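*Asks:* I'd like to go over a predicted model; first the sequence, then the structure.
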Amino acid sequence: MFYNKKIIEVEGMHCEHCASKVEESLKKIQGVKSAKVSLNDNKVTLKYKGDLDLVSISKIISDLGYSVVGE
């Protein structure tokens, strides 16, 4: 099956615990197959099918205490 890919730049993640919180929260979104954080790049890579609600994703990330700075 083919999945779309979206990379989001996020500030404020400093450790594996931060990364895990973001990944687990984003994987709960309907249509999201995977969420993988790269702490070195401060980026989250999402694989998904259908449409992504970027406003909701930004809110989830900010509610966790991090900032979306680019897509």
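*Replies:* Nice, thanks for sending it over. Numbering: from 1, shown residues only.

*Asks:* Asn4 bridge partners, please.
*Replies:* For Asn4, the beta-bridge assignment (DSSP bridges) gives partners Tyr48.

*Asks:* Near it, how many other residues are there?
*Replies:* The tally of other residues near Asn4 (other Cβ atoms under 10 Å) stands at 13. For glycine as for every other residue, the C-beta is placed from the backbone atoms N, C-alpha and C.

*Asks:* can you pull out the helices in this structure?
*Replies:* Secondary structure of the chain (DSSP state H): helices at 16-27, 54-63.

*Asks:* Now distance to Ser34 and mean neighbour count too, for those helices, in a markdown table please.
*Replies:* Shown next, in a markdown table, are these (distance: least, Cβ to Cβ, whole Å; neighbours: other Cβ atoms under 10 Å):
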| stretch | distance to Ser34 | mean neighbour count |
| --- | --- | --- |
| helix 16-27 | 7 | 15 |
| helix 54-63 | 14 | 14 |
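
*Asks:* Take these and lay them out in TSV including mean pLDDT.
*Replies:* What follows is the helices of the chain, written out as TSV (pLDDT from 0 to 100):
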stretch	mean pLDDT
helix 16-27	97
helix 54-63	95
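
*Asks:* how about those in TSV, adding distance to Glu71?
*Replies:* Output for the helices of the chain, formatted as TSV (distance: least, Cβ to Cβ, whole Å):
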stretch	distance to Glu71
helix 16-27	14
helix 54-63	7
